[in-house]
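K.L.:
Here is a sequence with its predicted model. Questions after.
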Amino acid sequence: MSALLGDYVDRGYLPGLVALLYREGEVHVTTHGVQDLESRAPMRRDTIFRIASVSKPIVAAAAMTLVEETKLRLDDPVDPWLPELADRKVLRAIDSAMDDTVPAARPITLRDLLTFRLGYGYVAAPPGQYPVQTAIEEAGMSPGPNPPTLSPDLWIERLGSLPLAHQPGERWMYHTGADVLGVLIARVAGVSLGQLLEERIFEPLGMRDTGFSVPESKLDRLATPYHPDAASGGLTVFDSARGGRWSQPPPFESGGGGLVSTADDLCAFSQMMLGMGRYGARRILSRPAIELMTTDQITPEQKAVSPFYPGFWDNQGWGLGMSVTTRRDGVAWSPGTYGWDGGFGVTWRADPRENLAGALLTQRIMMSADDICTYQDFWTLAYQAIDD
């Protein structure tokens, strides 16, 4: 694994990486390359990465702590906490004009947010094909690599000004539910989302380097992300460490993609999940809560009308805030494996059957399906090493 992953760095495909595997109490870590192509600071085990959508499972776990305290119920409307989303209008069809709507058949629930079936989300179609895509873009609500720049209150207000693309509970639509979830649980707890995560997830698990920004004292460990430049064939800086978007607290703490973290912090989260909610002597969630989060919640009928990328539903479903492997179609990932990937170049999974978890953290932003080749090689090499 070390040799193959190192080759991606040696030939310039990746500036650097950290790879971690955990199995039955043993942890293996390898590092390659540099944190930044200009400074040439070497990659470290404790390098901090923007983990993008790997934020989603972590925020879902925090939401479930509120469910277990009965501060929220899965199937209650979110209207009391998110009045901006009450009395929704729904587009008559996905290609309808923005004023061609019908009333929502029912309110949005917490379960809808966790399973991405709230009726808002990424529209899987070429840009500009439908009026709703233009409206989402003009409102500044389009999913993307950068977290929103609005305050949570203004963001949810703008979202509430748009009609739903589909009826609540009808179809799966990627991403937006996680950002709405972050606003919801912060309001329920009466603190910021960052403080809620610190109290309920990060501090109990010892995730010292995970958060929505990086303090000055740690900026020398924040890796620089790059996106491939089609014209030059090289890599272009997307966001600098110092003076960049993550160098100061953001106006919007994005539950859908705003966290930074390290390999060891993600390992601690993995151990809690594989431990059925327990980490050492501390219990974060109950076994039934973990089982619910990691069980496919999307029906075959909903998958059939919920496009994402080609073949997405062939071997996976969606639990609460994360994907769930439903059948084995390669060397990697037993049925029941759960986790997700982040658009800044991070993949994380945990496999209860093998008591295995892993994370590959890189700085190459995903621009196409070809960019997951490093993920595929990492997971294949992890599973081929299993000898019992």
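P.N.:
Arrived safely, thanks for sending.
K.L.:
Can I take it that residue 361 is in a strand?
P.N.:
Yes: using DSSP: H, G, I helix; E, B strand; the rest coil, the assignment for residue 361 is a strand.
K.L.:
what pairs with it across the strands?
P.N.:
In this entry, residue 361 is beta-bridged to residue 18, residue 346, by DSSP bridges.
K.L.:
Go ahead and confirm it touches residue 17.
P.N.:
Yes: with contact defined as CB atoms under 8 Å, residue 361 counts as touching residue 17 (6.5 Å). All C-beta spots, glycine's among them, are computed from the backbone N, C-alpha and C.
K.L.:
Endpoint to endpoint, stretch 31-45 covers what distance?
P.N.:
Counting by CA to CA, to the nearest Å, you get 6 Å between the two ends of stretch 31-45.
K.L.:
next one: stretch 232-241
P.N.:
Using CA to CA, the end-to-end distance of stretch 232-241 comes out at 23 Å.
K.L.:
List the buried residues of that stretch.
P.N.:
For stretch 232-241, a neighbour-count test (16 or more other CB atoms under 10 Å) marks 235, 238-241 as buried.
K.L.:
And this structure, split by domain according to the record?
P.N.:
Listed domain ranges for the chain are 2-54+209-384, 65-189 (source: automatic domain parsing).
K.L.:
just the helices in the stretch 201-350 of the chain please.
P.N.:
Along the stretch 201-350 of the chain, counting by DSSP state H, counting those that start in this stretch, helices occupy 203-205, 263-274, 287-293, 300-304.
K.L.:
wait, I meant the stretch 1-150 of the chain
P.N.:
In the stretch 1-150 of the chain, the segments counted as helices under DSSP H, counting those that start in this stretch are 2-10, 55-68, 110-115, 131-138.
K.L.:
Ok, which of these comes nearest residue 344?
P.N.:
With CB to CB, the closest approach to residue 344 among the helices of the stretch 1-150 of the chain belongs to helix 55-68: 10.6 Å.
K.L.:
and residue 351, bridged to which residues?
P.N.:
The partner list for residue 351 in beta bridges (DSSP bridges) reads residue 356.
K.L.:
Return the residues in contact with it.
P.N.:
Residues near residue 351 by CB atoms under 8 Å, 6 or more residues apart in numbering: 333-334, 336-337, 357.
K.L.:
need the helices of the stretch 1-150 of the chain in JSON lines with mean pLDDT, distance to residue 209 and mean neighbour count, can you?
P.N.:
Below are the helices of the stretch 1-150 of the chain laid out as JSON lines (pLDDT from 0 to 100; distance: least, CB to CB, whole Å; neighbours: other CB atoms under 10 Å):
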{"stretch": "helix 2-10", "mean pLDDT": "95", "distance to residue 209": "22", "mean neighbour count": "15"}
{"stretch": "helix 55-68", "mean pLDDT": "98", "distance to residue 209": "13", "mean neighbour count": "24"}
{"stretch": "helix 110-115", "mean pLDDT": "98", "distance to residue 209": "26", "mean neighbour count": "25"}
{"stretch": "helix 131-138", "mean pLDDT": "92", "distance to residue 209": "33", "mean neighbour count": "16"}
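K.L.:
Skipping adjacent residues, who's closest to residue 276 in space?
P.N.:
Using CB to CB, 6 or more residues apart in numbering and skipping residues adjacent in sequence, the residue nearest residue 276 is residue 287, 4.2 Å away.
K.L.:
Which pLDDT value belongs to residue 366?
P.N.:
Each residue has a pLDDT score; the one for residue 366 is 89.
K.L.:
how about it, what does it touch?
P.N.:
Going by CB under 8 Å, 6+ apart, residue 366 touches 341, 343-345, 372.
K.L.:
And for residue 345?
P.N.:
For residue 345, the contact set (CB under 8 Å, 6+ apart) comprises 14, 49, 225, 361-366, 371, 374.
K.L.:
Now flag whichever of these is closest to residue 100.
P.N.:
residue 366 (34.6 Å).
K.L.:
Look up the pLDDT of the most centrally placed residue in the chain for me, please.
P.N.:
What sits nearest the mean C-alpha location of the chain, by CA atoms, centre = their mean, is residue 53, with 2.2 Å. pLDDT for residue 53: 97.
K.L.:
Could you tell me how many residues sit around the nearest residue to it once chain neighbours are set aside?
P.N.:
Nearest-residue entry for residue 53: residue 342, 4.7 Å, with adjacent residues in sequence omitted and distances by CB to CB, 6+ apart. Residue 342 has 25 neighbours, counted by other CB atoms under 10 Å.
K.L.:
how long is stretch 347-367 end to end?
P.N.:
By CA to CA, one end of stretch 347-367 lies 15 Å from the other end.
K.L.:
ignore the last one, stretch 187-195
P.N.:
End-to-end distance of stretch 187-195 (CA to CA): 12 Å.
K.L.:
still on that earlier bit, which neighbours do residue 361 and residue 17 share?
P.N.:
Residues touching both residue 361 and residue 17 (CB under 8 Å, 6+ apart): none.
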